[in-house]
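Asks: Whatever this is, show me its structure:
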Amino acid sequence: MSEDTSGARSLKTAAMVLRALRLLGDHPEGLSPADIGAHLGKSPATARYMVNTLVEAGFARRDASGRCRLGAAPPWGAWIPTGAGAEPAPIPDLSPGDPAPGAILAEAVTELYRRTRQRAYLVRRTGSVVASISDVRGHQGLARLPGLETHIPPERAHALGLTKVLLAASPVYREAVCSEPLAALTPQTVTCPVRFGHELDDIAERGWALDDGEFASGFATVAAPVVAPSGTSTVAIGVSCSTRRLAAQRDELVAAVVEVAAVARGQWRTDGCDDDCGLGPAEHAESSGTDHRPTADLRPLQRTGTLRRRPGRTVSVRRR
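Replies: Below is the predicted model of the structure:
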């Protein structure tokens, strides 16, 4: 009987990835895949695969010249000191004290990708004007959204469905982004403050958002909020796809995103919420007056492998 060496291979792969990350940390100017391969003694093809994996996972970023640089923060966001005398962040992210959201949210991203076979994301606020991608699912060959990096700067937040959801839910984030001129990233980007304000109001009312070629020409995103037990929308879940696919499957994509978000929200709330929910003072201030009582869990989605609504459930989709 042959000995199973898969564990040893996995450890060697992990060690190689750690060496690559350390190498990128030592070269802030960036390295090409060929440079990385030469330093690690790997072929250019292996180095390119490793770079693609690190970039997709959010540990690294690739610039216009193709050089790879270490990400400004790990995929789960920048470390926030919590010790005595530490400087608090303006709007802290959810802490481990929240009712076990990690596994629930990660499973929701996986479920959304499984249902749509489109790249799925989890986006959260990591500061007053910063949003970050904390989780992503996809497969090799699936087109990436051009210009989308781990951290989404405020000057681009108005053009992305994933951040529109967060803008509609947070007055603080909305004021910070909308106080500056809205840049036209594509010809479809909404730059009129009044029109954009009305759009955010509509998003808050209907519970989902999209951009149709507003962030990058030829690409679209559909997103919905996953509301924390306190009642504050702190994370957004969604997918990116081509504008052609959005035109053909808009209703199905919106239904899938909304339903997966609703299930994740219900499962998160079954653990309840109290003063140790993990939300910072600013987030609690934004949600003041919200009922903190847990709601009933929602039934799990039927695993069908296709874009399909649950019987008896309809999602209203209003076209622009």
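Asks: ok so Phe215 is a strand residue?
Replies: No. Under DSSP: H, G, I helix; E, B strand; the rest coil, Phe215 sits outside any strand and is assigned coil.
Asks: wait, it sits on Ala157?
Replies: No. With contact defined as Cβ atoms under 8 Å, Phe215 does not reach Ala157; the gap is 9.7 Å. Using the backbone N, CA and C atoms, a C-beta is placed for each residue, glycine as well.
Asks: Between the two, tell me which one has more neighbours.
Replies: Set Phe215 next to Ala157 and count neighbours by other Cβ atoms under 10 Å: Phe215 wins out with 28 against 25.
Asks: mind showing which ranges of this protein have poor pLDDT?
Replies: Residue ranges of the chain with pLDDT under 70: 1-10, 56-57, 72-102, 127-128, 230-233, 271-320.
Asks: Which parts of it are helices?
Replies: 6-26, 33-40, 44-57, 101-116, 154-157, 161-169, 171-178, 193-206, 243-269, 281-286 (DSSP state H).
Asks: of the ones you listed, which approaches Ala224 most closely?
Replies: Ranking the helices of the chain by distance to Ala224, with Cβ to Cβ as the measure, places helix 243-269 first at 3.8 Å.
Asks: What residues sit buried inside that closest one?
Replies: Residues 243, 245-246, 249-250, 252-269 are the ones in helix 243-269 that count as buried (16 or more other Cβ atoms under 10 Å).
Asks: What residues does Gln227 make contact with?
Replies: To be clear, residue 227 is Val; Gln isn't right here. Listed by Cβ atoms under 8 Å, 6 or more residues apart in numbering, the contact partners of Val227 are Ser233, Thr234, Arg265, Trp268, Arg269.
Asks: didn't the second one look like it was pressed against Thr126?
Replies: Same thing as Thr234. No. Here Thr234 lies out of contact with Thr126, judged by Cβ under 8 Å, at a distance of 10.6 Å.
Asks: Could I get the phi/psi values of Pro28?
Replies: phi -60, psi -20 (degrees, to the nearest 10).
Asks: Please report how far it lies from Gln249.
Replies: Pro28 is 42 Å from Gln249, where distance means Cβ to Cβ, to the nearest Å.
Asks: Gly37 now?
Replies: Counting by Cβ to Cβ, the separation of Gly37 from Gln249 is 39 Å.
Asks: Also Arg125?
Replies: The spacing between Arg125 and Gln249, counted by Cβ to Cβ, is 29 Å.
Asks: more neighbours, Thr234 and Thr126?
Replies: More crowded of Thr234 and Thr126, by other Cβ under 10 Å: Thr234, with 26 against 21.
Asks: how about the nearest residue to Ala108 once chain neighbours are set aside, what does it touch?
Replies: Nearest residue to Ala108, sequence neighbours excluded (Cβ to Cβ, 6 or more residues apart in numbering): Ala264, at 3.8 Å. For Ala264, the contact set (Cβ under 8 Å, 6+ apart) comprises Ile104, Leu105, Glu107, Ala108, Val226, Ile237.
Asks: Isn't the second one up against Val235?
Replies: Yes. Counting by Cβ under 8 Å, Leu105 does reach Val235; the two are 6.5 Å apart.
Asks: so who does Thr186 touch?
Replies: When contacts are counted by Cβ under 8 Å, 6+ apart, Thr186 touches Ala159, Gly213, Glu214, Phe215, Ala216, Ser217.
Asks: could you dump the residues you listed to TSV with distance to Thr46?
Replies: Putting the contacts of Thr186 into TSV (distance: Cβ to Cβ, whole Å) gives the following:
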residue	distance to Thr46
Ala159	36
Gly213	36
Glu214	37
Phe215	32
Ala216	29
Ser217	33
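Asks: Now for the residue lying closest to Met50 once chain neighbours are set aside, how many residues are close by?
Replies: Nearest non-adjacent residue to Met50, counting by Cβ to Cβ, 6+ apart: Ala20, 5.8 Å away. Other residues lying near Ala20 total 25 when counted by other Cβ under 10 Å.
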